[in-house]
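Participant: 3D model of this:
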Amino acid sequence: MGISSGKGPRVAVLMGGQSLEREVSLVSGQACSAALRGKDFQVFELDAGRDVIQRLSELRPDVVFNALHGRWGEDGSIQGLLEWLRIPYTHSGPNASKIAMDKVLSKKIFIKNGILTPKYKIIKKIKDLENIISKKKFVIKPINEGSSVGVKIYNNLNSKNLVQINILLKKFKILIQEEFIDGKE
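Facilitator: Numbers count the residues shown, from 1 in each chain. Next comes the predicted model:
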């Protein structure tokens, strides 16, 4: 990927990767790279694949700008790797990243600390589903994907919706079912 000839610190922009948000990450990474080049940094764009350790070791950046999205980029994995390599990086640390990416763990912490959060249920099998609040709309989503990957809103548990939810369950293995709360995110 692109390399710049700035005079400032060496910045490796991690982007792409293998998550379901790869394309969004590539766009984010390219925008971040352009902004850093505008400030005269030496920018190295790095599509984070299986060879990321080797490539980072060869590049020897002063800092990593983490533009990875989704699993591995936001769940504490790359953060732990960067700490192991002793390369400073942008982003929360491994533990905060893991907690933030895990919707169930986050909810447990919210509840423990008196922070309001929608009622929820963990779904591992289709028979775990229920209308949480007296036949109102509900939300289904994977427990550990970023952004809106796999998020669906349903009005009820009719047979068509059960088929769709079963497909999501096969794809993501564990889902979370939440009460629907109308309004802006």
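
Participant: the helices in this protein, which residues?
Facilitator: Under the criterion DSSP state H, the chain carries helices at the ranges 22-38, 52-59, 77-85, 94-101, 103-112, 159-172.

Participant: quick one, the fifth one and helix 94-101 angle?
Facilitator: Put plainly, it is helix 103-112. Angle, helix 103-112 to helix 94-101, by axes from the mean of the first three to the mean of the last three CA atoms, to 10 degrees: 90 degrees.

Participant: starting at the chain centroid, how far to helix 103-112?
Facilitator: Its chain's C-alpha centre lies 17 Å from the corresponding centre of helix 103-112 when counted by CA atoms, centre = their mean, to the nearest Å.

Participant: which elements pack onto it?
Facilitator: Judged by 3 or more CB pairs under 8 Å, 6 or more residues apart in numbering; DSSP states H and E, helix 103-112 is in contact with helix 94-101, strand 120-123, strand 175-179. C-beta here means a position set from N, CA and C on the backbone, and glycine is covered the same way.

Participant: change it to 7 Å
Facilitator: Judged by 3 or more CB pairs under 7 Å, 6 or more residues apart in numbering; DSSP states H and E, the packing partners of helix 103-112 are helix 94-101.

Participant: tell me where the model's unsure across this protein.
Facilitator: Within the chain, the segments meeting pLDDT under 70 span 1-6, 130-135.

Participant: middle-most residue in the protein, spatially?
Facilitator: G70 (2.6 Å; CA atoms, centre = their mean).

Participant: my guess is it contacts E145, does it?
Facilitator: Yes. The criterion here is CB atoms under 7 Å, and G70 meets it with E145 at 6.2 Å.

Participant: skipping adjacent residues, who's closest to R60 in space?
Facilitator: R10 (7.1 Å; CB to CB, 6 or more residues apart in numbering).

Participant: ditto for I174
Facilitator: Spatial nearest neighbour of I174, excluding adjacent residues (CB to CB, 6+ apart): I143 at 5.2 Å.

Participant: quick revisit: so who does the closest residue to the residue nearest to the centre of the chain other than its chain neighbours touch?
Facilitator: Sequence neighbours aside, S19 is the residue nearest to G70 in space, at 3.1 Å (criterion: CB to CB, 6+ apart). Each residue near S19 by CB atoms under 7 Å, 6 or more residues apart in numbering is listed here: 69-73.

Participant: if anything else comes up later, I'll come back, but that's it for now.
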